[in-house]
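*Asks:* sequence first, then the predicted structure:
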Amino acid sequence: MERREIVYSGRVQGVGFRATARRVAAGFAVSGWVRNEEDGTVRLEVQGAIRDVDAFVVEVRTQLRGFIKGETARYGLSVIDESGFEIAR
């Protein structure tokens, strides 16, 4: 099990980024959340098997490639009993 925090920059707010990430997550065995940050970035935390997390991240990049200009990732501790993937506020 892996948990990854990713911050996306570019024109990532107001373009359906969060809804797209949630829709993409439904196709993978992952959980987590996505939210807009005050500095104009989007922060996403996702966890699952490494293969599922990797595939999810690739699909998010693919579907939103025209808006993402930068991406930074770091690894975190898994959240026990987390289920679903939500848009956080």
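*Replies:* Thanks, I have it. Keep in mind that this is a model prediction, so the values were computed, not measured. Numbers count the residues shown, from 1 in each chain.

*Asks:* which helix runs longest in the chain?
*Replies:* helix 50-63 (DSSP state H).

*Asks:* what's the mean pLDDT across that helix?
*Replies:* Summarised as a single mean, pLDDT over helix 50-63 is 98.

*Asks:* pLDDT score assigned to Arg89?
*Replies:* 87.

*Asks:* please begin residue numbering at 49 from this point
*Replies:* Got it, the first residue is 49 from now on, which makes the last one we talked about Arg137.

*Asks:* how many neighbours does it have?
*Replies:* 7 (other Cβ atoms under 10 Å). Any C-beta I mention is one placed from the backbone N, CA and C, and that applies to glycine too.

*Asks:* equivalent analysis for Glu119, please.
*Replies:* 17.

*Asks:* please apply the same query to Glu86.
*Replies:* For Glu86, the count of nearby residues is 5 (other Cβ under 10 Å).

*Asks:* ok, the residue nearest the centre of the chain - contacts?
*Replies:* Nearest residue to the geometric centre of the chain (Cα atoms, centre = their mean): Leu92, 3.7 Å. Going by Cβ atoms under 8 Å, 6 or more residues apart in numbering, Leu92 touches Glu53, Ile54, Val55, Tyr56, Ala69, Gly80, Trp81, Val82, Arg83, Val108.

*Asks:* in the protein, which spans are strands?
*Replies:* With strands called from DSSP state E, the chain shows them at 50-58, 78-84, 90-96, 116-124, 133-135.

*Asks:* can you say which of the ones you listed is nearest to Phe65?
*Replies:* With Cβ to Cβ as the measure, strand 90-96 is the member of those nearest Phe65 (5.2 Å).

*Asks:* now that closest one, how far from the centre of its chain.
*Replies:* 4 Å (Cα atoms, centre = their mean, to the nearest Å).

*Asks:* measure stretch 119-130 end to end?
*Replies:* End-to-end span of stretch 119-130 (Cα to Cα, to the nearest Å): 24 Å.

*Asks:* so among the contacts of Leu92, which ones count as buried?
*Replies:* Neighbour counting with 16 or more other Cβ atoms under 10 Å marks Ile54, Val55, Tyr56, Ala69, Gly80, Trp81, Val82, Val108 as buried within the contacts of Leu92.
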